[in-house]
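1. Just to be clear, the model below is a prediction. Sequence and coordinates:
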2 protein chains.
Amino acid sequence: MKISALLTSAGINIGLCVLFWSLYSVLRKQPAFVRVYFGRRIAEEHRLLQEAFILERFVPSTGWIVKAIQCTEEEILEAAGLDAVALNKMLVFSIRIFSLAAILCLFGILPLHYFRRNVHHLEIPSEQLHIFTITNVEVKSRWLWVHCVVLYIISGAACILLYIEYRHIARLRLLHLKRATPNPGQFTVLVRGIPKTTIESCSSDIGDFFTKYHASSYLFHQVVYKAGKVQKIMTGAKKACGKLDQSTDTTLDQSCKAITYRCCLCGASSNSFQLLPTDEVVHNIYNEECAAAVVFFRTRYGALVASDLLQTSNPMKWITDLAPEPNDVYWSNIWLPYKQLWIRRIAMLLGSLLFMFLFLLPVTFIQGLSQLDQLHQKLPFLNGMLKNPYMIQIVTGYLPSVILQLFLYTVPPLMMLFSTLEGPTSHSERKKSACCKVLYFLIWNVFFVSLASGTVINQLNSSSSTKDIAVRLASVIPGQTTFFITYVLTSGWASLSSELMQLFGLIWNFIRKYVLRMKEDTTFVPTFPYHTEIPKVMLFILLGFSCSVLAPLILPFLLVYFFLGYVVYRNQLLNVYRMRYDTGGLYWPIAHNAVIFSLVLTQIICFGVFGLKKSPVAAGFTIPLMFFILVFNQYCRTQFLPLFKTFPAQDLIDMDREDERSGRMEHIHHGLRFAYRQFPDTEDIKLKKTLTIGNDEDQDEGRSSGETNGEETCEEQDPRRDLSHPTLK
Amino acid sequence: MKISALLTSAGINIGLCVLFWSLYSVLRKQPAFVRVYFGRRIAEEHRLLQEAFILERFVPSTGWIVKAIQCTEEEILEAAGLDAVALNKMLVFSIRIFSLAAILCLFGILPLHYFRRNVHHLEIPSEQLHIFTITNVEVKSRWLWVHCVVLYIISGAACILLYIEYRHIARLRLLHLKRATPNPGQFTVLVRGIPKTTIESCSSDIGDFFTKYHASSYLFHQVVYKAGKVQKIMTGAKKACGKLDQSTDTTLDQSCKAITYRCCLCGASSNSFQLLPTDEVVHNIYNEECAAAVVFFRTRYGALVASDLLQTSNPMKWITDLAPEPNDVYWSNIWLPYKQLWIRRIAMLLGSLLFMFLFLLPVTFIQGLSQLDQLHQKLPFLNGMLKNPYMIQIVTGYLPSVILQLFLYTVPPLMMLFSTLEGPTSHSERKKSACCKVLYFLIWNVFFVSLASGTVINQLNSSSSTKDIAVRLASVIPGQTTFFITYVLTSGWASLSSELMQLFGLIWNFIRKYVLRMKEDTTFVPTFPYHTEIPKVMLFILLGFSCSVLAPLILPFLLVYFFLGYVVYRNQLLNVYRMRYDTGGLYWPIAHNAVIFSLVLTQIICFGVFGLKKSPVAAGFTIPLMFFILVFNQYCRTQFLPLFKTFPAQDLIDMDREDERSGRMEHIHHGLRFAYRQFPDTEDIKLKKTLTIGNDEDQDEGRSSGETNGEETCEEQDPRRDLSHPTLK
């Protein structure tokens, strides 16, 4: 590909970006789209927006960019949680390291590539792209030590930055743990694999077990039922109720307030329903099977101890884990039989692997498109069209990555489905698992397969060799830079702009409002799609490292991407998405590993390239670098990783003592009773039944506060449902 | 190689075996060698042996074989611990599965190979060996389904047997945990990574930390000092004392009794020494650095909880692990700085990998010897000798594996050294780690490299291919059967016989007694070398599985090996080796993984062979089998592995309550005070100093019983030093 083709591609994308960003800065000021662009703020800050018409509303502005850049880490932490900070830190890390890399590579290496060989230079726009890559350095060049030194500097700087960020996130995680609002999840243990008995004895079994073996800290427990058919009816009824609810919800600021209509099934605390339930009715409603239980402890330390130990000599019975936070619980997975989980995990692993390899087919085909002669041969009907040189530039430079992009849109939902079927007990765990799957998928299918299919498409049958994988990668990378750059342009820039615009949200909002004539959905505020965005960022980091020394032309494009990403993601986190659950920074170790992998891969590729260029000294010097990176990784693992796997006992004990000293513990214990609700709308009926194990004097109180709870709406997973907060203030 | 050459080799080995076994059955009855052959029984059962001369002593007998076979699992468990039972179970598993395999393969597959092709059969002794392997089956044979079915039956049976044995060992491990004698290790936590302060404040720091965060279960602690130069002097003095000791030890049965002479440094409780030490002296003796501590808890559960948790927010400080049993502690590693360990582990990993690859050189050379033309070419001076056909048979059939055998003798000590430098805190952990290293080493250097170098020696420079590793392995295996069979004969049969004979022990005993004129070393009784024997057994299992279907002729030789091993190891465990420490069956998961690896590798090889024979159906059928084996492995991991990693809380709590109820707890706590002794001989001096943190009322008692302890000898690691036993009876 020529420079001019690249510029065409860049031009299209810059145009799109400018268009989208301007559109966004106008649309965000229209009250009609306020739910699309300020979902979080409306839901959490209950802000009013004036409807007055002013001209300013229709003029593109940049104030929001400044706001997004200026907001502090504390603001992000408060508004969007630790995961958002981790994402933010990934972008900061990328900007820092690739700024350094860009300076070194563009001023140190690029001239070396361009002026090295005594070739006749054309005008720059007609220059082939590979003239800027390492292919242009002759064999046995004495200048390869520059590449080696730059590689050392980049790797070293990356390690230092990684270490600083890891330490920072670990520290934030500890602070997050100790933050002011007590988190019911810290007092709660999720018990699965309870030996099968009848439903009555099951509950008492749980009580007996924990009073026997965790007497000093056990408080009470709550059985999780296997939801049967009736729950489906309930859900249907709830939806109906939701519609009733909406029909009364006319003004914007009235949302999330008490509703006046209430159906008898989900208006849980109405007296008409209180009369109905007897034990029999409850039995009929919940297709009884005592599948799991949530067990509450007096102290955080007690819960930690109970969750950490192997309870009995049968490792499939009485499985205890720290419970997810109430909003984070994925109820429909909790009652899955524990002994099924391992086989589910294997099946889903196989499923994702299969999908990854089947996906090869479209990708291989698409990569073929970037080779014009292949295209002529395979799609002869295009021959007429492909006579126009401008069309050729679009087809070879731009089309492949657009098509790939469209295919890639199917990946995250599918991976999310796989992760759901694996049986995680919390939303955050599900998203984290999907994030890993998407990451592996992207690295495999975009990076490796693109490399493989891009140049080896004609030799697919030739046996690939173990010995020279490094050499093979090395010979391919510079040639594939074209594809990678266009990928950055389409998948990076354009998809960031569409993220900013919230194209799907906008269209859906439009259809609802003007086609379906439905009322605005006041309740639905999406959570941030970490499982699609983090893998994207990581893929670009991988592209950046692996191309930096060999084909530095990609770096400015990447830097722009990271800058845009920094602005867009901060803006979206603050305005659009809601934090319903948080992993507490668990995405950082994933990102750390991905960066380490990228660094090592880069070094392997450089090793191969230096080998191809017959420079044994430079090649030899990359080996200690690899060793150093792996040792550094091991150091970080020993130093920080344990903090991401469990909580330190010392801090929990200190917090417990502080709460006991200040008398807050009573309040916390009281709040626990209403923290976890499997079927929020009929919970009160069952409260009496399940809470009989704990202290008896608390029981009446518990019930009465259950009744005062009646002003609840039918919204699913309202943040206010986290009842620990009101009671604990 | 012809059958006759194989028979020569077998003949030599059978002759050697008969000779060694007869010799053993005579020698074991000679009082002169009683320490060599009955070390354990003398040390632990204090049996007397009559010196009377009777003719029977010089007639070979077989009674000991019957005894070894007849002894029950309980006897082995009592005499040699759970690890011995695990080893025994590995042999039982091998005998069972390879009996089945031998029946199926010898009667089902061998005739198929031999009679398949319409070749002219020679007389059996002159037949080439490969006529019995799958090479003799023509391409696209319809009979390959027999191989496939046999593979399925063997894999299925192996899984069933593995499951049964794993469950059995897991159950024994639980029983082992609950066995009658209380184990001080269960009450004790080893603390490392204590923040640096001065020596006085260090001890009180430890006390403060545990009284603050584990107040309910903390009992007292004992600081582990970094041993300095003075300890070397101490050791020297101890040796001198040992010699004094020996000079008074005239009769056999008097050994291990009280000594009369005592030197002032190690006769710890003599009054003359009690006067000396002040705090200053202790400071001088121990090159003070508070490196680690042994912390004792009131209950097993308390120790388990303390050992399981991450203590503080710095994962490199206050590291807690359950302490090894007193005899098992590897004192010279305990004071290693915890923050060094991760780098030590990496360095040792690299060291072992390097060694593994450097070892390639001799192995490659040796394998060349089995190809006669190579030999002529490389060692031309042998040409004269190699004209004799009998010599050729010996050289090609026997010599290579003898030389390999000699080289292999250097491996276990070196791996043990690597494992020691890794910094394990217990002898058993060290041995287990060495066992894994030797196992990887053998699988890599004997199995894979033999395969690779055996036939690819001429094509070492051709690039090996990723795609057809299975095919390549498949094409090599049948050809290498010769080498594997001779390896079974030399390394298996012969080394078992030399193990039985205790050649080294015998020679050393002889040199001591008649050359150096030293008194018999009454104290040294070796422990069983699991790190050399288990990898050997596992390697033979791998050979058995991978050759079974393809070259079944190896199976009878292997079966004989496993039978011999069964008799020999049981005999040695009962008579020769002493159980000083025990991992509690932790070798079983290693064995389990090795078997699973062998099964999957076998299936990969079969897949390749069926592919080579152009039988896609048979090849296709092996894939679900691989999948099944991996799922089975995962099942076993979820079902049993947690039991090998930690202890179930329920059982520990039940044991604690039982002990408290019966009043034994007081005795146990008392015994803990003298259970762990870093410098056994001067411990009593320091007793007063270190035990000041616990209950004050126990202190005087502790000191006085320290004084009554004076009858101790200078033996290192005498089993009677486990002071918990006498006090807890």
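-> That came in fine, so what should we check first? Residues are numbered from 1 along each chain as shown, chains lettered A, B, ... in the order given.
2. all strands for chain A, in order.
-> Using DSSP state E, the strands found in chain A span residues A:188-192, A:218-225, A:290-297, A:319-322.
3. Now these in TSV, please, with extra columns for mean pLDDT and mean neighbour count.
-> For the C-beta atoms, the positions are set from N, CA and C on the backbone; glycine is no exception. Converted to TSV, those look like this (pLDDT from 0 to 100; neighbours: other CB atoms under 10 Å in any protein chain shown):
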stretch	mean pLDDT	mean neighbour count
strand A:188-192	91	25
strand A:218-225	86	24
strand A:290-297	86	25
strand A:319-322	90	20
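4. So residue A:532 sits against residue A:412, correct?
-> Yes: the criterion here is CB atoms under 8 Å, and residue A:532 meets it with residue A:412 at 4.5 Å.
5. overlap in contacts of those two?
-> residue A:438 (CB atoms under 8 Å, 6 or more residues apart in numbering or on different chains).
6. For the closest residue to residue A:648 other than its chain neighbours, give its distance to residue B:622.
-> Among residues not flanking residue A:648 along the chain, residue B:313 sits closest, at 4.5 Å (CB to CB, 6 or more residues apart in numbering or on different chains). Going from residue B:313 to residue B:622 by CB to CB, to the nearest Å gives 51 Å.
7. Of these two, give the one with the bigger neighbour count.
-> residue B:622 (25 against 19; other CB atoms under 10 Å in any protein chain shown).
8. count of neighbours near the nearest residue to the more buried one once chain neighbours are set aside?
-> Excluding the flanking residues, the one nearest residue B:622 by CB to CB, 6+ apart is residue B:607, at 4.5 Å. Neighbour count for residue B:607, taken as other CB under 10 Å: 23.
9. Tell me how far residue B:607 lies from chain A.
-> 17 Å (CB to the nearest CB, to the nearest Å).
10. just to revisit the earlier point, list the contacts for the residue nearest to residue A:648?
-> Neighbours of residue B:313 in contact, by CB under 8 Å, 6+ apart: A:174, A:643, A:648, A:650-651.
11. Quick check: closest non-adjacent residue to the residue of the stretch 1-150 of chain A found nearest chain B.
-> Residue of the stretch 1-150 of chain A nearest chain B, by CB to the nearest CB: residue A:82 (15.4 Å). If the residues on either side of it in the chain are set aside, residue A:82 comes closest to residue A:585, at 4.3 Å by CB to CB, 6+ apart.
12. do you know how far that neighbour is from residue B:300?
-> Residue A:585 is 35 Å from residue B:300, by CB to CB.
13. returning to that earlier point: can you put the strands of chain A in TSV and add distance to chain B?
-> Listed next are those as TSV, based on distance: least, CB to the nearest CB, whole Å:
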stretch	distance to chain B
strand A:188-192	13
strand A:218-225	13
strand A:290-297	14
strand A:319-322	10
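14. Quick check: phi and psi at residue A:423.
-> phi 90, psi 40 (degrees, to the nearest 10).
15. Hmm, it is touching residue A:342, no?
-> No: with contact defined as CB under 8 Å, residue A:423 does not count as touching residue A:342 (9.6 Å).
16. So the two - more neighbours on which side?
-> Counted by other CB under 10 Å, residue A:423 and residue A:342 do not tie: residue A:423 has more neighbours, with 23 against 17.
17. residue contacts, that one?
-> Taking CB under 8 Å, 6+ apart as the test, what residue A:423 contacts is A:333, A:336, A:340-341, A:344-345.
18. again with residue A:491
-> Per CB under 8 Å, 6+ apart, neighbours of residue A:491: A:401, A:404-405, A:408, A:536.
19. just the helices in the stretch 601-729 of chain A please.
-> Using DSSP state H, counting those that start in this stretch, the helices of the stretch 601-729 of chain A run over A:616-645, A:649-662, A:664-672, A:683-690, A:697-707, A:724-728.
20. Against chain B, how distant is the residue positioned nearest the centre of chain A?
-> The residue lying closest to the centre of chain A (CA atoms, centre = their mean) is residue A:530, at 1.8 Å. Look at residue A:530 and chain B: by CB to the nearest CB, they are 25 Å apart.
21. Would you check that that residue makes contact with residue A:588?
-> No: counting by CB under 8 Å, residue A:530 stays clear of residue A:588, with 11.5 Å between them.
22. isn't the residue nearest to residue A:82 right up against residue A:172?
-> Yes: between residue A:585 and residue A:172 there is a contact at 6.5 Å, judged by CB under 8 Å.
23. Mind listing the shared neighbours of these two?
-> Contacts common to residue A:585 and residue A:172, judged by CB under 8 Å, 6+ apart, are A:82, A:85.
24. Neighbour count: those two, which is higher?
-> residue A:585 (23 against 19).
25. got a list of what the more buried one touches?
-> A:82-83, A:85-86, A:169-170, A:172-173, A:176, A:644.
26. need the residues of the stretch 201-350 of chain A near chain B, please.
-> When proximity is defined as CB under 8 Å from any CB of the partner chain, the stretch 201-350 of chain A approaches chain B at A:213, A:216, A:304-305, A:308-313, A:315-316, A:342-343, A:346.
27. out of the residues you listed, which are buried?
-> Neighbour-count burial (16 or more other CB atoms under 10 Å in any protein chain shown) is assigned, among those, to A:213, A:304-305, A:308-313, A:315-316, A:342, A:346.
28. what comes up buried for stretch A:498-505?
-> A:499-502, A:505.
29. again with stretch A:621-634
-> Quick answer for stretch A:621-634 (16+ other CB under 10 Å): A:621-622, A:625-626, A:628-629, A:631-633.
30. residues in contact with that stretch?
-> Contacts for stretch A:621-634 (CB under 8 Å, 6+ apart): A:148, A:151-152, A:155, A:159, A:162-163, A:592-593, A:596, A:599-600, A:603-604, A:606-607, A:610, B:342-343, B:346.
31. Intersect the contacts of residue A:491 with the contacts of chain B.
-> Of these, not one also sits near chain B (CB under 8 Å from any CB).
32. Which of these has the largest number of neighbours?
-> residue A:401 (28 neighbours).
33. tell me which helix or strand of chain A sits lowest on mean pLDDT?
-> Ranked by mean pLDDT, DSSP states H and E, the weakest helix or strand in chain A is helix A:724-728, scoring a mean of 32.
34. Out of the contacts of residue A:423, which end up buried?
-> A:333, A:336, A:341, A:344-345.
35. Can you redo these as TSV, where the extra columns are pLDDT?
-> Below are those laid out as TSV (pLDDT from 0 to 100):
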residue	pLDDT
A:333	85
A:336	85
A:341	89
A:344	92
A:345	91
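36. Tabulate the contacts of residue A:585 in a markdown table, adding columns for distance to residue B:514 and pLDDT.
-> Putting the contacts of residue A:585 into a markdown table (distance: CB to CB, whole Å; pLDDT from 0 to 100) gives the following:
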| residue | distance to residue B:514 | pLDDT |
| --- | --- | --- |
| A:82 | 75 | 91 |
| A:83 | 76 | 92 |
| A:85 | 77 | 93 |
| A:86 | 74 | 94 |
| A:169 | 70 | 94 |
| A:170 | 66 | 93 |
| A:172 | 73 | 92 |
| A:173 | 69 | 91 |
| A:176 | 74 | 85 |
| A:644 | 64 | 92 |
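37. which of the residues you listed are buried?
-> A:82-83, A:85-86, A:169-170, A:172-173, A:176, A:644.
38. Tell me which of those fall in helices.
-> A:82-83, A:85-86, A:169-170, A:172-173, A:176, A:644 (DSSP state H).
39. For residue B:27, state which of the residues you listed is nearest.
-> The closest of those to residue B:27 turns out to be residue A:644 (CB to CB; 60.4 Å).
40. isn't the closest one right up against residue A:591?
-> No: applying CB under 8 Å, one finds residue A:644 not in contact with residue A:591, separated by 11.7 Å.
41. before we move on, back to that, what's the closest of the contacts of residue A:423 to residue A:78?
-> Using CB to CB, these come closest to residue A:78 at residue A:333, 29.3 Å.
42. Excluding chain neighbours, what is closest to that closest one?
-> residue A:423 is the one closest to residue A:333 (CB to CB, 6+ apart), at 5.1 Å.
43. Got the confidence number for the one you found?
-> pLDDT, residue A:423: 89.
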